[in-house]
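Asks: Let me see the structure of the following:
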Amino acid sequence: MNSYDFDKTIFNPDSSYLFTVYSITHHPVAVIRALPKLICQAVKYIFKKTDFKTLKESSFGFLKYLRDVDADVDRFWSKRFSRIEPWYLKQKQDDDIIISASPEFLLRPVADKLGVRLLATRMDSKTGLIEGKNCHDEEKVKRLREAYPDAVVDKFYSDSLADTPMAEIAKSAYIVKKDVLKPWPGKDQA
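Replies: Predicted coordinates for the structure are as follows:
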């Protein structure tokens, strides 16, 4: 099985960022209503008075003011699915798994359309609250082991060295910058 990070790896730029921009343009009042709490949490995060999970939840606080998040997600992807990287589409396999820190509700339609498995941050699409931990760094490995205990990762792809824990369990790993794939720094390739 091959495993892929999503944002800035097989999709450019970042889906959470683009969905927020989409929401600002389509639902400005919802985003404005959530902005004071986000600003407060951002200041706390800068001064190390809160954690990243709380900041991320606040950044998706506008979700509770949307009428139909699923419909918005579908409309969002209808114009952005074409941003999936061609290099990935050429090598995609049915047993691929996307492991991402982005919200599961946001990436589910893409994974379903691609016909691949998905592990992502479990976020309530009605509130923006995260169940458990943000699916990032070592949490990606933990989630993979929980969902697929016997999984063997043949190849892993990511744009970020923060994903080194996933790279370490893969037989081979690649750092991705747009459509340029290079061997993972310091990783012996199988």
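Asks: The nearest residue to Trp184 once chain neighbours are set aside pairs with what?
Replies: Sequence neighbours aside, Ala173 is the residue nearest to Trp184 in space, at 3.7 Å (criterion: C-beta to C-beta, 6 or more residues apart in numbering). C-betas here are computed from N, CA, C, even on glycine. Note on Ala173: beta-bridge partners by DSSP bridges are Phe156.
Asks: what's near enough to touch Ala173?
Replies: 155-158, 166-167, 183-184, 187, 189 (C-beta atoms under 8 Å, 6 or more residues apart in numbering).
Asks: which of these tops the neighbour count?
Replies: With neighbours set by other C-beta atoms under 10 Å, the maximum within the contacts of Ala173 is found at Phe156, which has 29 neighbours.
Asks: Surely that one and Glu168 touch.
Replies: No. With contacts counted by C-beta atoms under 8 Å, Phe156 stays clear of Glu168, the gap being 9.0 Å.
Asks: Checking the residue nearest the centre of the chain next. Helix, strand or coil?
Replies: With distances taken as C-alpha atoms, centre = their mean, Ser102 lies nearest the centre of the chain, 2.6 Å away. Using DSSP: H, G, I helix; E, B strand; the rest coil, the structure places Ser102 in strand.
Asks: which ones are touching it?
Replies: Counting by C-beta under 8 Å, 6+ apart, the residues that Ser102 touches are 6-7, 14-16, 120-121.
Asks: Swap in 6 Å and give it another go.
Replies: Contact analysis of Ser102 by C-beta atoms under 6 Å, 6 or more residues apart in numbering lists 6-7, 15-16, 120.
Asks: Let me know the pLDDT of the closest residue to Asp159 other than its chain neighbours.
Replies: Once flanking residues are discounted, Asp159 sits nearest to Lys8: 4.0 Å by C-beta to C-beta, 6+ apart. At Lys8, the predicted lDDT confidence score is 97.
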